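# Based on what follows, work out the 3D shape:
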Amino acid sequence: MPLRRVAGGRLLPIFVSIWTAAGTLPAAGGQPEEAASRNSWERGKMFYTERCVLCHGQDGRGWDLTSRIARPPVPVPDLTDPSFMRGVTDRELLKIIKEGGTRLGKSRFMPPTGQWLSDDEIRDIIAYVRSLERRPASGQR
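Numbers count the residues shown, from 1 in each chain. Sure thing, here's the model as predicted:
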């Protein structure tokens, strides 16, 4: 199967790249949109694990002191906090992830990843991060 190198040096089968460019991915027994959404989330999780987990933690709650020696130099936002996540748009997240925290007045410790990740890969991360948001307990809003 022919492969093509993408951002970050990863190799992907060409047929995946073609389907992704078309905006849909084939699904066994599902709608293309559902498959695209599921694959976007799965790719986002992979990219998050590669690029974000060291500071934002495996579960998105921030620095994981059980697996780190020292705290980060600044507070890391809890990506599972509904009030925080609802206060930032996907466009803002894309800009922060792509260009770094200082582009939107955030921490200089949030590095720009646009040189390693494409906009589509960053959107996949955003889809995954949005899935981490804690839901309020039943009866609460």
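
# Flag the helix or strand of the protein with the lowest per-element mean pLDDT.
In the chain, the helix or strand scored least confidently by mean pLDDT, DSSP states H and E is helix 14-22, which has a mean of 38.

# Does the helix or strand hosting Ile122 pack against any helices or strands, and if so which?
Secondary structure assignment for Ile122, by DSSP states H and E: helix 119-131. Where contact means 3 or more CB pairs under 8 Å, 6 or more residues apart in numbering; DSSP states H and E, helix 119-131 is packed against helix 32-51, helix 90-99. From N, CA and C alone the C-beta is placed, and that goes for glycine too.

# For that helix, C-alpha coordinates in PDB please.
C-alpha atoms of helix 119-131 as PDB (Å, rounded to 0.1, in the frame of the first residue of the first chain):
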ATOM      1  CA  ASP A 119      -5.000  22.600  10.800                       C
ATOM      2  CA  ASP A 120      -7.000  19.400  10.300                       C
ATOM      3  CA  GLU A 121      -4.900  17.600  12.800                       C
ATOM      4  CA  ILE A 122      -5.400  20.500  15.300                       C
ATOM      5  CA  ARG A 123      -9.200  20.300  14.700                       C
ATOM      6  CA  ASP A 124      -8.900  16.500  15.500                       C
ATOM      7  CA  ILE A 125      -7.200  17.500  18.800                       C
ATOM      8  CA  ILE A 126     -10.000  20.000  19.500                       C
ATOM      9  CA  ALA A 127     -12.600  17.300  18.800                       C
ATOM     10  CA  TYR A 128     -10.900  15.000  21.300                       C
ATOM     11  CA  VAL A 129     -10.400  17.700  23.900                       C
ATOM     12  CA  ARG A 130     -14.100  18.700  23.700                       C
ATOM     13  CA  SER A 131     -15.000  15.100  24.400                       C
END
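
# All set now, cheers.
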